[in-house]
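A.B. asks: Need a 3D model of the sequence below.
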Amino acid sequence: MNCMNLDPVVEKIVRVLQAHKLVRPGEYCRFLWDSPGKNRKLGNNEYGCADAVNIRYSLGMPGAEPGEREETIRTLQAFQDPESGLFQERDHHPYHTTAHCIAALEILDAAPLHPVRALEQYETPEGILSLLNSLDWSGNPWGQSHRGAGVFASLLILRRCGLAWQDAYFDWLARHCDPRRGLGAGGSFGAKPLCHHLNGWFHYLFNHLAARRPFPHAEALIDSCIELYRKNELGEPPQVIFAQECSFREIDWIFAVHRASCQTPHRHRECMELLRDCAGQFVSYLASVDETRDEGMNDLHALFGAVCALAELQLALPGELRSSVPLRNVLDRRPFI
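C.D. replies: Sure, this is the predicted structure:
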């Protein structure tokens, strides 16, 4: 068995995290430098602060300096709109940003200051089913999943949903999950690449994990994941090459393969072989990339996605990816990334 030492990569991630830290305790920027179009929000940012919390937790970093935890909580809470209760940032749907900030606060054993009134319309079974039925499962499965999964994650973390509500949510997903693909809504394929459906379905999968529910059609999901990997269709070459960037594409696939393989022995050996192959490529990339020039390292949110992928690979391949401090996937604590 070949073992990979993750410590140099972890040290690089810690350096990047520290570079994003701002002067005031608890504040982090998402981006260190602007895009050519000058359209990034620089300075203190919702995702910068939330992802700093997530990365520190994932790496098992020691406790913050005295008072920093409290300042971090206050910083995150200050992003909330007191009227709607939402957290908003221009690059993501408000439901995504809200779930992401609520999930980061949960890591700190904290919660939003104000009720999330904008989500109260979904607190009944009829309300959540109306949301799921309204989503564009064909034309925008990835982006729309931020709404369909973000509402569930927010309400679950805030303990605003009971079993009947959860049953309605998961029963709908099970009924509509395509039995041939193990993801998406049946009949919604074709308008977007299959990988976009996986990237979107991932958000519903971690909600299944949080609620301790089985994945619908897990064997078909594994078949789809293996097909996408073997056909090299998980990225969008030449611009996006899977396992050769900091992004969320990697954790989407790794999580789906690993957690589905925990529910069924279907093609298990093949799943492990592909996870091992992915780990080799991904760790080599992270070890070699120039952190001062790479756009993924510039984006703390994208870097958090890479950290999640490393944590999931270490869990999936015991003893093969070693680090002085074992990594933790935040999804094993609460939903949403």
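A.B. asks: ranges for the helices of the stretch 51-200 of the chain?
C.D. replies: Using DSSP state H, counting those that start in this stretch, the helices assigned to the stretch 51-200 of the chain run over residues 68-78, 94-107, 125-134, 141-157, 163-176, 194-210.
A.B. asks: count of neighbours near the residue nearest to Ser138 when sequence neighbours are not counted?
C.D. replies: Spatial nearest neighbour of Ser138, excluding adjacent residues (C-beta to C-beta, 6 or more residues apart in numbering): Ser188 at 4.1 Å. For every residue, glycine as well, the C-beta is placed using N, CA and C. With neighbours defined by other C-beta atoms under 10 Å, the count for Ser188 comes to 20.
A.B. asks: And the helices in the stretch 201-337 of the chain?
C.D. replies: 218-230, 249-261, 268-288, 295-298, 300-316.
A.B. asks: Now do the buried residues in the longest one.
C.D. replies: Neighbour-count burial for helix 268-288, counted by 16 or more other C-beta atoms under 10 Å, picks out Cys271, Met272, Leu274, Leu275, Arg276, Cys278, Ala279, Gly280, Phe282, Val283, Tyr285, Leu286.
A.B. asks: In contact with the first one, which residues are there?
C.D. replies: Cys271 makes contact with Ile222, Cys225, Ile226, Val257, His258, Ala260, Ser261, according to C-beta atoms under 8 Å, 6 or more residues apart in numbering.
A.B. asks: got TSV for those, with distance to Pro193, neighbour count and pLDDT too?
C.D. replies: What follows is these, written out as TSV (distance: C-beta to C-beta, whole Å; neighbours: other C-beta atoms under 10 Å; pLDDT from 0 to 100):
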residue	distance to Pro193	neighbour count	pLDDT
Ile222	19	23	98
Cys225	14	27	98
Ile226	16	17	98
Val257	18	26	98
His258	22	19	98
Ala260	20	25	98
Ser261	23	23	98
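A.B. asks: Now distance to Trp33 too, for these, in JSON lines please.
C.D. replies: Formatted as JSON lines, the contacts of Cys271 follow (distance: C-beta to C-beta, whole Å):
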{"residue": "Ile222", "distance to Trp33": "40"}
{"residue": "Cys225", "distance to Trp33": "35"}
{"residue": "Ile226", "distance to Trp33": "38"}
{"residue": "Val257", "distance to Trp33": "34"}
{"residue": "His258", "distance to Trp33": "34"}
{"residue": "Ala260", "distance to Trp33": "38"}
{"residue": "Ser261", "distance to Trp33": "39"}
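A.B. asks: Between these, which sits nearest Arg213?
C.D. replies: Distance to Arg213 across the contacts of Cys271 (C-beta to C-beta) is lowest for Ala260, with 12.9 Å.
A.B. asks: and the gap between the closest one and Val240?
C.D. replies: Using C-beta to C-beta, to the nearest Å, Ala260 is found at 23 Å from Val240.
A.B. asks: Settle this for me: Asn232 is touching Ala243, isn't it.
C.D. replies: No. In terms of C-beta atoms under 8 Å, Asn232 does not count as a neighbour of Ala243; the distance is 10.5 Å.
A.B. asks: When these two are compared, which one has more neighbours?
C.D. replies: Ala243 (24 against 10).
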